[in-house]
Every structure is written in structure tokens, then in C-alpha cells.
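[1] below: sequence and its predicted model.
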Amino acid sequence: MQSHSRALACVALALALGACSQRAPRKAVVVAKPVAAKAEVVPQSDPDAVVQSAVVEPSPVFDEEYHGPDQGSLESVTALFARGYIESAMRETMLAAVHSDYPLLGMRDVRLTDPVSKFLTSTQAATTAHDYLYAGVQRRLGRPLSPALWAQIWQGLPQQGRVSDWTKQIKRVLAGR
């Protein structure tokens, strides 16, 4: 019985190996038909044609110079207020205020976490901040504010607070609260 099963296993193995070693059917080869040659078209010269030269015009060079209003200027601050960039407008206002006393400071020296007293170092600095914020708030609201109303708003700004506190207060004013 074992000899029959062994013989049967050998036959099954031989059939399996034979099936694996058969070649795959070939695809039929299609013979390409020759295409008749077409007459060559000779281009006629066009009297309105534009002649292109081999010289390529240089692409415009990126100009890294900023062409907007000067940083810390009244124009820049009011433009930032008009666009709704209140934090940036406050930083530029503080920069403009402190520039009268410390002209070498830049925007990187003005942070929202800084105390307002760092920038309002003189009467001239306080007046600059007052005028810039007054103009900016009017520009954002799109209407003039009475000097009496602005005086109330100015008095409501925390004199010992941070720039971020002033920003929050100005945002409340702009929101009508």
C-alpha cells in the first residue's frame, strides 16, 4: 500500500512540475504595414511674423526692499488698524512713541508682553502714542471720534499695564463694548 501511495505521490509531483515548466502562450506578431510617404510641406515666409532672437530677456530680479509706509509711521499704523492688525498696530505705535527718546530701537524690541511704561518714557512719547492710536481707531471705525470720547478711551487704558492689555482694551472699543 505504501508503494502505491509513494508512486501516486511521485506521479502527482511530476504532473505539478510539468505544469509549472510549460511555456506561456505567445502573442501573435502583427506585421506593420508600410505608410505611404507624404509630400513635405515647405513653410512660406509670413510678412507679419515676429522674428525671435536667441537672446532671452532676463527675468525681473526680486526686489527685497520694502516699498510700503515706513515702519512706525502714522501711515503704517493707520493702515494696520484699517486691515484689522491691531497687535501689529499697537507694536508699531509703541515703537513710534519710544523713537523720540530711543531712536535705535526696532520692532524686535517691542513685544506685546512689555510694560507700556517702557515705551511711554516722556511726554512727547505719550503724545505720539495718543495721536497714533486716535488716528488708528478712527480709521478702523471708519468715522471720526469726538475728542471727549477719545479722552475717555485714553483714560481707560491701563497706564501700568502691558502692551497686550492696551491691545485688548482697544479691541473692546472697536467691538463697541
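    Arrived safely.
[2] show me where this structure has strands.
    For the chain, no strands are identified by DSSP state E.
[3] any stretches of it with poor pLDDT?
    Applying pLDDT under 70 to the chain flags the ranges 1-4, 10-11, 13-70, 177.
[4] outside of stretch 137-152, which residues touch it?
    Outside of stretch 137-152, the residues within contact range by Cβ atoms under 8 Å, 6 or more residues apart in numbering are 78, 81-82, 84, 86, 134, 153, 170, 173-174. C-beta: built from backbone N, CA, C; applies to glycine.
[5] which members of these are classed as buried?
    78, 81, 86, 134, 153, 170, 173 (16 or more other Cβ atoms under 10 Å).
[6] out of those residues, which comes closest to residue 161?
    The shortest gap between residue 161 and any of the buried ones among the contacts of stretch 137-152 belongs to residue 170, at 11.7 Å (Cβ to Cβ).
[7] let me have the contacts of stretch 137-152 in CSV, extended by distance to residue 7.
    Listed next are the contacts of stretch 137-152 as CSV, based on distance: Cβ to Cβ, whole Å:
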residue, distance to residue 7
78, 102
81, 99
82, 98
84, 92
86, 94
134, 109
153, 107
170, 99
173, 102
174, 98
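[8] measure residue 135 to residue 128 for me?
    11 Å (Cβ to Cβ, to the nearest Å).
[9] more neighbours: those two, which one.
    Using other Cβ atoms under 10 Å, the more surrounded residue of residue 135 and residue 128 is residue 128, with 23 against 17.
[10] do I have it right that that one meets residue 92?
    No. With contacts defined as Cβ atoms under 8 Å, residue 128 does not count as touching residue 92, sitting 11.2 Å away.
[11] what residues are shared contacts of the two?
    In contact with both residue 128 and residue 92: no residue, using Cβ under 8 Å, 6+ apart.
[12] residues in contact with the nearest residue to residue 73 once chain neighbours are set aside?
    Closest residue to residue 73 apart from its sequence neighbours, by Cβ to Cβ, 6 or more residues apart in numbering: residue 96 at 7.1 Å. By Cβ under 8 Å, 6+ apart, residue 96 lies in contact with 72-74, 77, 128-129, 132.
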